[in-house]
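J.: Sequence first, predicted coordinates after that:
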Amino acid sequence: MKKTKILAAAAIATVIGGSILLAADHIDAPAVTGQATDITDVYAFKGANASSRVFVINTQGLLSPAATSTAKFDAGTLIQLNIDNNNDNVEDLVIQAIYDGTNMKFYGPAKPTATGLKSQLEGAVTATVAVTSYTATAPVTATGTNGMQVFAGPRDDPFFFDLNQFKKIIAGTASSFNNPGTDAFAGTNVMSVVMEVPVSLLNATSGKINVWATTKKKI
Amino acid sequence: MKKSFSILLIAGSALLLTVTSCKKDDNPAPAATVYYMGGDQMGRPAINTVFVDAAAKDSFNNALPTQMSGLFLAKFKARLAALNPGYTTNALGQTADQLTGLLVTDVLNVSATGTTTFFDGTNVLTGRTLSDDVIDVELILLFGGPDGKSNPGLTSDHVNANDKAFLATFPYMANPW
């Protein structure tokens, strides 16, 4: 009987928790939760082309299919990949994506006018791609003047994690993970920006770079 | 009189030229520079989520990577000690100071020449692929002890793959649900 009560309480906690999930970076920013500026994940990897690197910035996490059908990028939000190519954790290059109501426009890789919290669009547009619609059967992609391949639109959230069990462990209501676990991100989508960039544009010294994503609001 | 007329004419021509060149330019320089700031920030997965308390999450998101160690290292150390009071070293041989010192600067390290993975058994922090089980890697480093085998109930969430297959070609991520 008591066990049932505890289980019921845990179930309620899960339901409540469902609206304030935290994960890779999903909804870890109270000030921007639920906004287009909320970053969920960043990926950086070698794709089909060994001499390029793929960068993914996902935003607006935990979108249900219904929510995805009306989800949009925000014209007042700058999505920026910061690239440090000399290992001092200061951005030497930025790649910027900004939505114009129809297309996602990309700037860079370019040296930022100023590093730090405040950004401006750098130089000329280097790539433009129509935002792939929710109902599209194939992703719309484009290649920029500098050889950078680009995509923007809704995608399945590639992140997987038994977040709810983790939260119970942190809260002290569980002592271990379940086997098998339950992917809290199954069946949910994100609004994604993907860039595949020739390594030659990254000016990597000593063969490596450090990257981080930022979203910034128009001021 | 004539002089000022000439000047006007020159000014007029210049204006005309400006207008013409503006029309040709696909990206006219804006009258005033538009600035963007404030929002979200992320490097490695789950760092802000795990190490930063609720009250400080926004300030972590607005700290420059170069400032993070100075502002947050003590908090990261305290958080690790609270999460795993028995922490000695991890499977990478890192002390608590070394692990938190690495993670506090929240940037994603990426190889521009070799294998890109969060951890594949050999390469460590050389990128992050879509299929990397980053949570298990972090759990092992936080809870697994020197051989990765301590606290076996906490070193894997037993969710080992995404719920949709990734694409072999750009943009690599699966169509939405």
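T.: Alright, I've got the coordinates. Numbers count the residues shown, from 1 in each chain, chains lettered A, B, ... in the order given.

J.: Near whatever residue of chain B ends up closest to chain A, how many other residues are there?
T.: Here chain B gets closest to chain A at one residue, B:Gly153, 2.6 Å apart by Cβ to the nearest Cβ. (Glycine included, C-beta is placed from N, CA and C.) B:Gly153: 13 surrounding residues under other Cβ atoms under 10 Å in any protein chain shown.

J.: what about the strands in chain A?
T.: Secondary structure of chain A, counting by DSSP state E: strands at A:39-45, A:52-63, A:77-84, A:93-99, A:103-110, A:125-130, A:142-143, A:149-156, A:189-198, A:208-218.

J.: which residues does the residue nearest in space to the middle of chain B contact?
T.: Computing the C-alpha centroid of chain B and ranking residues by Cα atoms, centre = their mean puts B:Gly43 first, at 2.1 Å. The neighbours of B:Gly43, taking Cβ atoms under 8 Å, 6 or more residues apart in numbering or on different chains as the test, are A:Val42, A:Asn210, A:Val211, A:Trp212, A:Ala213, B:Pro65, B:Thr105, B:Asp106, B:Val107, B:Leu108.

J.: Show the buried residues in those.
T.: Buried subset of those (neighbour count, 16 or more other Cβ atoms under 10 Å in any protein chain shown): A:Val42, A:Asn210, A:Val211, A:Trp212, A:Ala213, B:Pro65, B:Thr105, B:Asp106, B:Val107, B:Leu108.

J.: Which elements pack onto the strand ranked longest in chain B?
T.: In terms of residue count, the longest strand belonging to chain B (DSSP E) is strand B:36-42. Identification of packing neighbours for strand B:36-42 by 3 or more Cβ pairs under 8 Å, 6 or more residues apart in numbering or on different chains; DSSP states H and E yields strand A:39-45, strand A:77-84, strand A:208-218, helix B:57-61.

J.: Identify the residues contacting it?
T.: Where contact means Cβ under 8 Å, 6+ apart, the residues beyond strand B:36-42 that reach it are A:24-25, A:28-29, A:31-32, A:37-39, A:41-42, A:77-78, A:117-120, A:212-219, B:48, B:60-63, B:106.

J.: A:Lys118 contacts B:Asn62, doesn't it?
T.: No - taking contacts as Cβ atoms under 8 Å, A:Lys118 lies outside contact range of B:Asn62: 11.2 Å.

J.: Looking at chain A, which residue is nearest chain B?
T.: A:Ser176 (2.6 Å).

J.: just for chain B, where's the confidence low?
T.: Chain B contains residues with pLDDT under 70 at B:1-31.

J.: ugh, wrong one, I meant chain A
T.: Residues of chain A that meet the cut-off, pLDDT under 70, sit at A:1-23, A:27, A:34.

J.: Not counting sequence-adjacent ones, nearest residue to the most centrally placed residue in it?
T.: When chain A is reduced to its mean C-alpha position, the nearest residue by Cα atoms, centre = their mean turns out to be A:Asn58, at 1.9 Å. Beyond its immediate neighbours in the sequence, the residue positioned closest to A:Asn58 (Cβ to Cβ, 6 or more residues apart in numbering or on different chains) is A:Val190, lying 4.0 Å away.
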